[in-house]
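[1] Provide a 3D model corresponding to the input given below.
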Amino acid sequence: MGEPNFKIIHIGSIIKEKVKEQKIDSERICNFINVKDKDILSMYSMRSLDSEIILKWCKLLRYDLFRLYSQHLIIYCPTKLSNSSDLLEEKKESQLPQFKKNIYTKELIDFILEQINSKKMTKKQVIDDYRIPKTTLYKWIQKYKKNI
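    Below you'll find the predicted structure:
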């Protein structure tokens, strides 16, 4: 599968690749997801799938496919508080769970460090745009020994 592309997520091809890597028999897939073989082949060609189906695939593959979407949001939709009204909106109560920490995978860390290393972004821009704590960024730089 190579380097993950978090910008364009084709979930069907990712699932197909994981099935191939894990050598999962199509009969087992059909029984687990409760669909016919032709439906499985159809899913492999789909760019998006229903979240319930993705959840079943996650369980079968023992792989968090939703994390791909989380990484996309972290990279391509960074939250940025531009003014005080945004700050007030963020503090509103919600019935939905509030996630305090972002999920930083090795791929995401590599992506961010590459942005700095290639001079596409400064450390300050990374901290501001992606809301990564300064100490976290500097720990990554130290840990992964990038010449930044």
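
[2] how near is residue 131 to residue 45?
    36 Å (CB to CB, to the nearest Å). Just so you know, the C-beta spots here come from the backbone N, C-alpha and C atoms, and that holds for glycine as well.

[3] Report the spatially closest residue to residue 30, excluding sequence-adjacent ones.
    residue 37 (5.7 Å; CB to CB, 6 or more residues apart in numbering).

[4] The one you found reaches residue 28, doesn't it?
    No. Counting by CB atoms under 8 Å, residue 28 is not a contact partner of residue 37; they are 11.3 Å apart.

[5] Following the helix or strand bottoming out on mean pLDDT in the chain in sequence, what is the next regular element?
    Lowest mean confidence among the helices and strands of the chain (mean pLDDT, DSSP states H and E): helix 84-90, at a mean of 48. On the C-terminal side of helix 84-90, the closest following helix or strand by DSSP states H and E is helix 106-117.

[6] Just the buried residues of that following helix, please?
    107-113, 115-116 (16 or more other CB atoms under 10 Å).

[7] From the chain's centroid, how far away is it?
    Centre-to-centre, helix 106-117 and its host chain are 14 Å apart (CA atoms, centre = their mean, to the nearest Å).

[8] Quick one: mean pLDDT over it.
    For helix 106-117, mean pLDDT is 87.

[9] Kindly export it (C-alpha atoms) in PDB.
    C-alpha atoms of helix 106-117 as PDB (Å, rounded to 0.1, in the frame of the first residue of the first chain):
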ATOM      1  CA  LYS A 106       3.700   7.800  13.300                       C
ATOM      2  CA  GLU A 107       2.500   8.700   9.800                       C
ATOM      3  CA  LEU A 108       1.000  12.000  11.100                       C
ATOM      4  CA  ILE A 109       4.200  12.800  13.000                       C
ATOM      5  CA  ASP A 110       6.300  12.000   9.900                       C
ATOM      6  CA  PHE A 111       4.000  14.200   7.800                       C
ATOM      7  CA  ILE A 112       4.300  17.200  10.200                       C
ATOM      8  CA  LEU A 113       8.000  16.800  10.600                       C
ATOM      9  CA  GLU A 114       8.400  16.600   6.800                       C
ATOM     10  CA  GLN A 115       6.400  19.900   6.500                       C
ATOM     11  CA  ILE A 116       9.000  21.500   8.700                       C
ATOM     12  CA  ASN A 117      12.000  19.800   7.200                       C
END
